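A.B. asks: I would like to see how this sequence folds:
(one chain, ligands or ions: 3)
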Amino acid sequence: MRTDPDPKSLSRNDPCWCGSGKKYKKCHWSQDRTAPPSPSKWGTPRKNRKIILKTEAQVEGIRCSCQLTKKLLDMLEGRVCEGVRTIEIDEWVHAETLAHGATPAPLGYRGFPKSVCTSVNHVICHGIPDNYALRNGDIINIDVTCVLDGYYGDASRMYLIGEVSDEARKLVEVTKECLDLGIQTVKPFNTVGDLGHVIQQHAEGHGYSVVRDFAGHGVGIEFHEAPQILHYGEPRTGTSLQPNMVFTIEPMINAGRAESHILADKWTAVTVDGSLSAQWEHTVRVTPSGVEVLSA
Ligand code: MF3
Ligand code: CO
Ligand code: CO
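C.D. replies: Numbering: from 1, shown residues only. Ligands and ions are numbered 1, 2, ... in the order given. Coordinates of the predicted model:
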């Protein structure tokens, strides 16, 4: 999900972060300087939302939804190849999700027009399936989120099309390692900053950059819950992990600069320098002694 705006980084003449269309100075500026934002007609800002600790029954529901997500990603392993159009991937995911009694969370979410995100090469995330036919050498992230019995399961993988350059293959591998290192850091009393730190160290150690404009997120009862899971950070900072927190880890790693740019379709996020980008995502649960990867 897109990271929350930081009011301190806005200047007075920028449009307000709340989406009112007013200038920041005419809207939330004075409030942000004096008090924590209070609920307004724009709704409670995401950063003030409470973290939902899941009950055992909720965990079981989310586990089932995540297992369906995994099954759909497995199905795609055998199908995604050169010549396949991303719109066909959307049709498969849509049909298979419904066939399992679930619905695709992306469809209609904040106006997203399709059932899955397909992000090819320099697309960081939120690529919209269209008529593009996959070519030899492409790398593509496919991000599936199911809603089963009201519970959300969110995961994504990279798929390599035909013969991929060593450069692209390495980026995909290191990004997977970033996810795995993040997962290994999940246990009670470790922090979100600990997790971000190991991911950032690994990516930057290979000369890559961590995307900062998008983050992992609490998930399960809603698509995007608190807390944000940044994929960079400092050890011993940020939210402490507690048993039965459920969230995604979904590092987006660029071969070049970290900055993103959103296309005119209002969704597709691309690297500003045209460099390749990779992403892997799992939904995880904090257990009393460590982690359970719900979408594995
Ligand atoms: N599945 C994405 C995530 O990992 C969110 C996609 S939002 C959509 O958070 F609207 F683009 F589908
Ligand atoms: Co996610
Ligand atoms: Co996702």
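A.B. asks: just give the closest residue to whichever residue of the stretch 51-200 of the chain sits closest to ligand 2, not the sequence neighbours.
C.D. replies: Nearest residue of the stretch 51-200 of the chain to ligand 2: residue 154, at 4.2 Å (CB to the ion). Any C-beta I mention is one placed from the backbone N, CA and C, and that applies to glycine too. Excluding its sequence neighbours, the residue lying closest to residue 154 (CB to CB, 6 or more residues apart in numbering) is residue 145, at 4.4 Å.
A.B. asks: by contact count, what packs against the host helix or strand of the one you found?
C.D. replies: Per DSSP states H and E, residue 145 falls inside strand 139-148. Under the contact definition 3 or more CB pairs under 8 Å, 6 or more residues apart in numbering; DSSP states H and E, strand 139-148 sits against helix 56-77, helix 86-99, strand 103-104, strand 117-120, strand 123-125, strand 151-160, helix 166-184, strand 277-279.
A.B. asks: and the helix or strand harbouring residue 203, what other elements does it pack with?
C.D. replies: For residue 203, the host element (DSSP H and E) is helix 192-205. On a contact count with 3+ CB pairs under 8 Å, 6+ apart, helix 192-205 meets helix 166-184, strand 209-210, strand 225-229.
A.B. asks: and of the ones you listed, who's closest to ligand 1?
C.D. replies: strand 225-229 (10.3 Å; CB to the nearest ligand atom).
A.B. asks: wait, residue 115 sits on residue 109?
C.D. replies: No: the criterion here is CB atoms under 8 Å, and residue 115 misses it with residue 109 at 9.9 Å.
A.B. asks: when these two are compared, which one has more neighbours?
C.D. replies: residue 115 (26 against 13; other CB atoms under 10 Å).
A.B. asks: contacting residues around that one?
C.D. replies: Neighbour list for residue 115: 90, 93-94, 97, 104, 106-107, 129 [criterion: CB atoms under 8 Å, 6 or more residues apart in numbering].
A.B. asks: skip the chain neighbours and tell me the closest residue to it.
C.D. replies: residue 104 is the one closest to residue 115 (CB to CB, 6+ apart), at 3.5 Å.
A.B. asks: ditto for residue 129
C.D. replies: residue 90 (3.7 Å).
A.B. asks: can you list the residues of the stretch 151-296 of the chain near ligand 3?
C.D. replies: 154, 156, 281 (CB under 5 Å from the ion).
A.B. asks: tabulate the residues you listed (CSV), appending neighbour count and pLDDT.
C.D. replies: Below are these laid out as CSV (neighbours: other CB atoms under 10 Å; pLDDT from 0 to 100):
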residue, neighbour count, pLDDT
154, 29, 98
156, 24, 99
281, 23, 99
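A.B. asks: need those residues in TSV (columns: distance to residue 13).
C.D. replies: As requested, these are exported to TSV (distance: CB to CB, whole Å):
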residue	distance to residue 13
154	37
156	37
281	37
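A.B. asks: tell me the contacts of the residue lying closest to residue 272 once chain neighbours are set aside?
C.D. replies: Once flanking residues are discounted, residue 272 sits nearest to residue 259: 4.4 Å by CB to CB, 6+ apart. Residue 259 sits next to 213, 271-273 when contact means CB under 8 Å, 6+ apart.
A.B. asks: follow-up on the earlier one: ligand 1 next: which of the contacts of residue 115 are close?
C.D. replies: residue 106 (CB under 6 Å from any ligand atom).
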